[in-house]
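> this one's structure only:
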């Protein structure tokens, strides 16, 4: 079972949403063949906090919905170091609660669907999926929708 460390800096995320995210990450991890003792951190923040993170790490001075920091990516000149005795730390996912609420309303679907979508989107980034070009975007978004559909979290 993937271990998920949740941190709610907003003190506003209902336990039902945390449970949903736990289940969808477990489901996606199984679908993607992720080792069971892997670890992920998920933080819930407000728009001000995610804007600061976005500015500092992506040089984009605007709030965004989700940001991921993969631990398994190798930077230029870095060597891959794996210790098979330790759990695999996949990385960190940061979700803006404010943006999730805005987008649920904008897309006319439930907050549950939006949290599930954002958590899965961030998780897929940790696994190496990206959407920097049209081909990668098609692959990532296709996989995302496939997992959400199989999990039973369609747009409604």
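Yep, that arrived. Note that the coordinates shown come from a computational prediction; the quantities given were computed from them, not determined experimentally. Numbering: from 1, shown residues only.
> what's the spacing between stretch 115-124 and its chain's center?
Its chain's C-alpha centre and that of stretch 115-124 lie 4 Å apart, by Cα atoms, centre = their mean, to the nearest Å.
> Verify the stated contact: residue 120 with residue 149.
No. Using Cβ atoms under 8 Å as the test, residue 120 is too far from residue 149 to be in contact (11.3 Å). For glycine as for every other residue, the C-beta is placed from the backbone atoms N, C-alpha and C.
> which of the two has more neighbours?
Using other Cβ atoms under 10 Å as the criterion, residue 120 and residue 149 rank with residue 120 on top: 24 against 11.
> Shouldn't the more buried one be within a helix?
Yes. According to DSSP: H, G, I helix; E, B strand; the rest coil, residue 120 belongs to a helix.
> separation between it and residue 62?
23 Å (Cβ to Cβ, to the nearest Å).
> Next: residue 92.
When residue 92 is compared with residue 62 (using Cβ to Cβ), they lie 20 Å apart.
> So between the two, which is more surrounded?
residue 92 (18 against 10).
> All the strands of this protein, in order from the start?
3-8, 39-45, 66-70, 89-96 (DSSP state E).
> out of the ones you listed, nearest to residue 141?
Evaluated over the strands of the chain, closeness to residue 141 peaks at strand 66-70, with 13.8 Å, by Cβ to Cβ.
> Show me what the closest one is packed up against.
When contacts are defined as 3 or more Cβ pairs under 8 Å, 6 or more residues apart in numbering; DSSP states H and E, strand 66-70 packs onto helix 47-58, strand 89-96, helix 111-126.
> quick one, that strand and strand 89-96 angle?
Angle of strand 66-70 versus strand 89-96, following axes from the mean of the first three to the mean of the last three Cα atoms, to 10 degrees, is 170 degrees.
> Run me through the strand neighbours of strand 66-70, direction for each.
Partners of strand 66-70 in the sheet, by DSSP bridges, are strand 89-96 (antiparallel).
> For the residue nearest in space to the middle of the chain, give me the pLDDT.
The centre of the chain sits closest to residue 122, judged by Cα atoms, centre = their mean, with a distance of 2.2 Å. Reading off the confidence values, residue 122 has pLDDT 98.
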